[in-house]
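In: Curious how this folds, go ahead:
(one chain, ligands or ions: 1)
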Amino acid sequence: MAEVTEAQVLAALGTVKDPDRGTDIVSLGMISGLAIKDGNVGFSIEVDPRRGPALEPLRQAAEKAVDRLAGVLSVTAVLTAHRPAPQMQGGAQAAPGPAANSAPRAAAPKPAQPKPAVPGVRAIVAVASGKGGVGKSTTAVNLALALAARGLRIGLLDADIYGPSLPRLMGLSGRPPARDGRTLEPLTGHGVKVMSMGFLVAEDTPMIWRGPMVQSAIQQMLRDVAWGELDVLVVDMPPGTGDAQLTLAQQVPLAGAVIVSTPQDIALLDARKGLNMFRRVDVPVLGIVENMSYFCCPNCGHRSDIFGHGGARAEAGRLGVDFLGEIPLDIAIRETSDGGTPIVAVAPDGAHAGAYRAIAETVWQKVSGEGGRRAAPRIVIE
Ligand code: ADP
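Out: Model prediction:
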């Protein structure tokens, strides 16, 4: 079947009128972020935040109009605030934007309910980093697999929508099946349920995300996905500590955060920014993982501390945060990760899998309260 084109989608959307203004939503410039992949269409409808909840019928009408086109397999329309939400303080902040209100029940706006839990999900754990490229996604994947190897029911949510890499790292492709036209089923890889923007949009498709769109996409991946019963949902956060990350940390009901750092990046304060970010929004930092901690020569087995190994352990001690473990820089980790067969899955008896399992054990003890260590320590920044 021929791939549906952007022009066809826009023509279909051109038949949908904004009820209050009587003009179609394309002419009004309300459509943005249109993405088409293998017949899966996604876009946002930018609306005034105050009108958001009342516009659920419009959102549905837009989805229906596109759904009628030949070659369309799924349509996801998201209501998006056309102005960035003002930065609010404290309790008021958690009011979900209109996008979050695009949930199926076109409910009247509810009073701000800070971080409602995700039904069926026992603990949500963020994996974060001060900057990109430190191995955050690799750690998230192997942590998830190590938790699953312990017999826990695990989900993996790719909140790194700027560069969703979990489909590749988990060796998954294809489209998540839609259950009832709007609830998506996660895909399953290596025994873990996975949802990623990368299933809906090609990994190399450049996408421009504005703040409210990021929040809306992640809220939908959190709440409009049939996660079922999970012990832990591991969230691969977008790298960095900017506004988008802060808002996420604030809006997702996190049980705690794991900070991934390389030895040099903790020295350069990037990891500390991550700690501070979670501290600001009162999310317990479960600890720091030092990734690419030291280098094991694949030929002779010689170990060299090319990045000044051990910095994270010392720094964690200074900051009053637990040190969760160190993972060496090893080509086997890169190859298995980038090949979609994470090291914990393919070499479960190896040293690396053991290291990830130890990290997983500590994380699970902290978020489940099992093992007698319930609360994460408060962070003390000197
Ligand atoms: P991030 O999510 O922080 O951007 P990734 O997990 O995508 O980082 O890792 C970046 C690159 O580094 C990937 O190619 C990955 O395979 C590789 N990598 C991550 N951790 C290790 C490691 N411990 N040893 C070797 N390569 C690694």
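
In: Relative to the ligand, how far out is residue 223?
Out: In this structure, residue 223 lies at 24 Å from the ligand, with CB to the nearest ligand atom, to the nearest Å as the measure. C-beta here means a position set from N, CA and C on the backbone, and glycine is covered the same way.

In: That residue touches residue 120, doesn't it?
Out: No: in this structure residue 223 lies outside contact range of residue 120 using CB atoms under 8 Å: 11.1 Å.

In: Alongside the ligand, which residues does the stretch 101-250 of the chain contribute?
Out: Contact residues of the stretch 101-250 of the chain with respect to the ligand, defined by CB under 6 Å from any ligand atom, are listed as 129, 132, 133, 134, 135, 136, 137, 138, 165, 239.

In: measure the closest residue to the fourth one other than its chain neighbours to residue 183 for me?
Out: Spatial nearest neighbour of residue 134, chain neighbours left out: residue 262 (4.9 Å); criterion: CB to CB, 6 or more residues apart in numbering. Spatial separation of residue 262 from residue 183 under the definition CB to CB, to the nearest Å is 38 Å.

In: Ok, residue 69 next?
Out: When CB to CB is applied, the distance between residue 69 and residue 183 equals 22 Å.

In: before we move on, what about residue 122?
Out: When distances are taken as CB to CB, residue 122 and residue 183 turn out to be 20 Å apart.

In: thinking again about what came up before, tally up the residues packed near the residue nearest to residue 134, please.
Out: 26 (other CB atoms under 10 Å).

In: likewise the one 10 residues further on?
Out: Under the neighbour criterion other CB under 10 Å, residue 272 is assigned a count of 23.

In: Kindly report the same for residue 152.
Out: Here the count is done by other CB under 10 Å, and residue 152 has 18 residues near it.

In: Point out where this structure drops to low pLDDT.
Out: Under the criterion pLDDT under 70, the flagged ranges of the chain are 1, 49, 52, 81-115, 181, 202-212, 265-270, 296-298, 301-311, 370-382.

In: hmm, try it at 50
Out: Low-confidence segments of the chain (pLDDT under 50): 83-113, 372-382.

In: Just the strands from the stretch 1-150 of the chain, written as ranges.
Out: 31-37, 40-47, 74-81, 121-129 (DSSP state E, counting those that start in this stretch).

In: Present the ones you listed as a markdown table; the columns should include mean neighbour count.
Out: Compiled in a markdown table, the strands of the stretch 1-150 of the chain are given as follows (neighbours: other CB atoms under 10 Å):
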| stretch | mean neighbour count |
| --- | --- |
| strand 31-37 | 18 |
| strand 40-47 | 24 |
| strand 74-81 | 24 |
| strand 121-129 | 25 |
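
In: Now tabulate these in TSV and tack on distance to residue 280.
Out: As requested, the strands of the stretch 1-150 of the chain are exported to TSV (distance: least, CB to CB, whole Å):
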stretch	distance to residue 280
strand 31-37	28
strand 40-47	28
strand 74-81	22
strand 121-129	13
